[in-house]
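Visitor: no sequence for this one, just the structure:
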């Protein structure tokens, strides 16, 4: 297809790349939800692939370092030269609207795939070819129809519940691992992955690790697994972050081709959900992650997705998972990791599912340093502790209640108040940030980065639209209800 005649947005593709160059590892991690083919311009596609590859390999991705690395490889001219990278670097003012850029690029990619499918179908010569093309979209080979009559329950074969690591991990099941930022989720999973590679879970010793967020394979994942005495030759990562649910079949294909996969880690699982989905809507979340139960069952392996807890988790682990309730309803089990408020010990415990009694013992561990990378800082390593642990919800209950509302939270509440008052018209972005900053004696940059993008935008409580190609941004309230903790009369952290 001629690029000029297919759905695409050159500006949005450049905006994604510009945000990746400016935002570093965090922005690159968020943008990796896009497959390379989402970029219609082949030069933009190459820049994207090289940025992701550099990040995964621990190579700096700032403009100067990235340009030099491409020059050293002899491929700088193939992507438009240093002048094109400089153009990309300055194409947008900042990476604050990266999620919006990703959403548009993803949507254009989907539209191109629909166009190609239509062209293929109308050009096919046999029914078999058309069926094969449709099967590529619906990998299970189903024709999408329902059974013609009710089925007898007696025809369903009963299966025993088995554990590979009781009580934490059930065999052949999708688990969600939740915890606050810096709770030790990645270090804990690295220790679990090391166990798998050593054969402690059985003969399926291969691990697939999908780093869909800020963790670097070079700086974080490999050093931690080696620190835990894992065999990193048995740990594999994909060439790009597969999307949920559309690329679950591709992930299963990779795992089947590899063989003997005992564990798949998705850190974080929300990083695999495309920008068109809303992590706060039950329908979007259920559609995205439900296939992971079948994936675990089909591959006979454990699948673990990682998700953050709210900053204030006093209500307990299950009630404090960010976003839709289906983040905890869909997985076979939910595990939580919580750190002692005034100590160094962390505890991992099943808080839902897995057919274990409520209040079963947690597993304790501390994080110690291990000298793994020559010339570098010590690497985080989980050191497990024998004996019964503490209840994670009891530990979370201290996130309480008599603390005054922080300035960031007051900024969130004030922005919601102003946007609710503005109604359908909304407010200009700069005016909103400036007014809140002035009223609360804060910098507009802090209001923008911490309150708006750090909370409001991530929770889906606002929506933005650009006023023309060169205009500013207008902010409006979304249709999602205001969470109780961000009500005007709530003075608790």
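Guide: Alright, I've got the coordinates. What you are looking at is a predicted structure, and each value in this text was computed from that prediction instead of being measured.
Visitor: pLDDT (mean, whole number) over the helix or strand hosting residue 28?
Guide: When elements are assigned from DSSP states H and E, residue 28 belongs to helix 10-31. In this model, helix 10-31 carries a mean pLDDT of 87.
Visitor: Where do the helices of the stretch 201-350 of the chain begin and end?
Guide: 222-227, 248-258, 282-289, 291-299, 326-329 (DSSP state H, counting those that start in this stretch).
Visitor: residue ranges for the strands of the stretch 101-250 of the chain, please.
Guide: In order along the chain, the stretch 101-250 of the chain carries the following strands (DSSP state E, counting those that start in this stretch): 163-165, 169-170, 174-179, 206-211, 235-236.
Visitor: Contacts for the second one, please.
Guide: Looking back up the chat, that one is strand 169-170. Strand 169-170 has contacts (C-beta atoms under 8 Å, 6 or more residues apart in numbering) with 161-164, 175, 192, 302, 304, 332-333, 353-355. All C-beta spots, glycine's among them, are computed from the backbone N, C-alpha and C.
Visitor: check contacts around the residue nearest to residue 24 when sequence neighbours are not counted.
Guide: In this structure, residue 24 finds its nearest non-sequential neighbour in residue 61, 6.1 Å apart by C-beta to C-beta, 6 or more residues apart in numbering. Residue 61 makes contact with 20-21, 24-25, 28, 51, 54-55, according to C-beta under 8 Å, 6+ apart.
Visitor: any idea which of the contacts of strand 169-170 has the most stuff around it?
Guide: Greatest neighbour count in those, by other C-beta atoms under 10 Å, goes to residue 302: 28 neighbours.
Visitor: how far does stretch 15-30 sit from the chain's center?
Guide: Remark: stretch 15-30 is offset 15 Å from the chain centroid, using C-alpha atoms, centre = their mean, to the nearest Å.
Visitor: Identify the residues contacting it?
Guide: Residues outside stretch 15-30 that contact it (C-beta under 8 Å, 6+ apart) are 31, 34, 44, 47-48, 51-52, 55, 61-63, 66, 85, 88-92, 94-95, 97-99, 101-102, 105, 211-216, 271.
Visitor: Could you find the closest non-adjacent residue to residue 217?
Guide: According to C-beta to C-beta, 6+ apart, the nearest residue to residue 217 is residue 56 (4.9 Å).
Visitor: show me the contacts for the one you found.
Guide: Residue 56 is in contact with 211, 216-218, 237, counting by C-beta under 8 Å, 6+ apart.
Visitor: So which bits of the helix or strand encompassing residue 394 are buried?
Guide: Assigned by DSSP H and E, residue 394 falls within helix 392-396. Under the neighbour-count criterion of 16 or more other C-beta atoms under 10 Å, helix 392-396 has 392-393, 395-396 buried.
Visitor: in the protein, which ranges drop under the pLDDT threshold?
Guide: 1-5, 93-96, 116-148, 275-277, 354-359, 399-404, 469-470, 488-493 (pLDDT under 70).
Visitor: Domains in it, by residue range?
Guide: With domains defined by automatic domain parsing, the chain comprises 3-110, 163-396, 407-486.
Visitor: measure the last one end to end?
Guide: Read that as domain 407-486. Terminal residues of domain 407-486 are spaced 12 Å apart (C-alpha to C-alpha, to the nearest Å).
Visitor: circling back to that earlier point, of the contacts of residue 56, just say which sits nearest to residue 457.
Guide: Nearest to residue 457 among those, counting by C-beta to C-beta, is residue 211 at 22.7 Å.
Visitor: Tell me if I'm right that the closest one and residue 219 touch.
Guide: No. Counting by C-beta atoms under 8 Å, residue 211 stays clear of residue 219, with 10.4 Å between them.
Visitor: just to revisit the earlier point, need the winner for burial among the helices of the stretch 201-350 of the chain.
Guide: The highest mean neighbour count among the helices of the stretch 201-350 of the chain, using mean count of other C-beta atoms under 10 Å, belongs to helix 222-227: a mean of 23.
Visitor: What about residue 483, how many residues nearby?
Guide: Taking other C-beta under 10 Å as the neighbour definition, residue 483 ends up with a count of 15.
Visitor: For it, give its distance to residue 455.
Guide: Separation of residue 483 from residue 455 (C-beta to C-beta, to the nearest Å): 10 Å.
Visitor: repeat for residue 208
Guide: As defined by C-beta to C-beta, residue 208 lies at a distance of 32 Å from residue 455.
Visitor: got it, and residue 46?
Guide: With C-beta to C-beta as the criterion, residue 46 and residue 455 are 36 Å apart.
Visitor: Also residue 252?
Guide: Residue 252 is 36 Å from residue 455, where distance means C-beta to C-beta.
Visitor: Repeat that for residue 204.
Guide: In this view, residue 204 and residue 455 are 41 Å apart by C-beta to C-beta.
Visitor: One more: residue 223?
Guide: For residue 223 relative to residue 455 (C-beta to C-beta), the value is 32 Å.
Visitor: Touching the helix holding residue 394 from outside, list them.
Guide: For helix 392-396, the surrounding residues in contact (C-beta under 8 Å, 6+ apart) are 309, 313-317, 320, 336-341, 347-349, 351, 362.
Visitor: Just the buried residues of these.
Guide: By neighbour count, with 16+ other C-beta under 10 Å, the contacts of helix 392-396 hold 309, 313-314, 316-317, 320, 336-339, 347-349, 351, 362 as buried.
Visitor: can you tell me which residues contact residue 9?
Guide: The contact partners of residue 9, by C-beta under 8 Å, 6+ apart, come to 104-105, 108.
Visitor: Any chance of those residues in TSV with neighbour count and distance to residue 80 as columns?
Guide: What follows is the contacts of residue 9, written out as TSV (neighbours: other C-beta atoms under 10 Å; distance: C-beta to C-beta, whole Å):
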residue	neighbour count	distance to residue 80
104	18	22
105	26	18
108	19	21
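Visitor: on that earlier part again, dump the strands of the stretch 101-250 of the chain into TSV; add distance to residue 290 as well.
Guide: Shown next, in TSV, are the strands of the stretch 101-250 of the chain (distance: least, C-beta to C-beta, whole Å):
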stretch	distance to residue 290
strand 163-165	22
strand 169-170	17
strand 174-179	9
strand 206-211	18
strand 235-236	25
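Visitor: Mean neighbour count, those strands: which tops it?
Guide: Compared across those, strand 174-179 shows the largest average neighbour count, a mean of 26 (mean count of other C-beta under 10 Å).
Visitor: How about residues contacting that one?
Guide: With contacts defined as C-beta under 8 Å, 6+ apart, strand 174-179 is touched by 169, 185, 188-189, 269, 289, 292-293, 295-296, 302-309, 317, 320-321, 327-328, 330-338.
Visitor: circling back to that earlier point, next up, phi/psi of the residue nearest to residue 24, please.
Guide: phi -120, psi 20 (degrees, to the nearest 10).
Visitor: Against which helices or strands is the helix or strand harbouring residue 422 packed?
Guide: Per DSSP H and E, residue 422 falls inside helix 407-422. On a contact count with 3 or more C-beta pairs under 8 Å, 6 or more residues apart in numbering; DSSP states H and E, helix 407-422 meets helix 429-440, strand 473-477.
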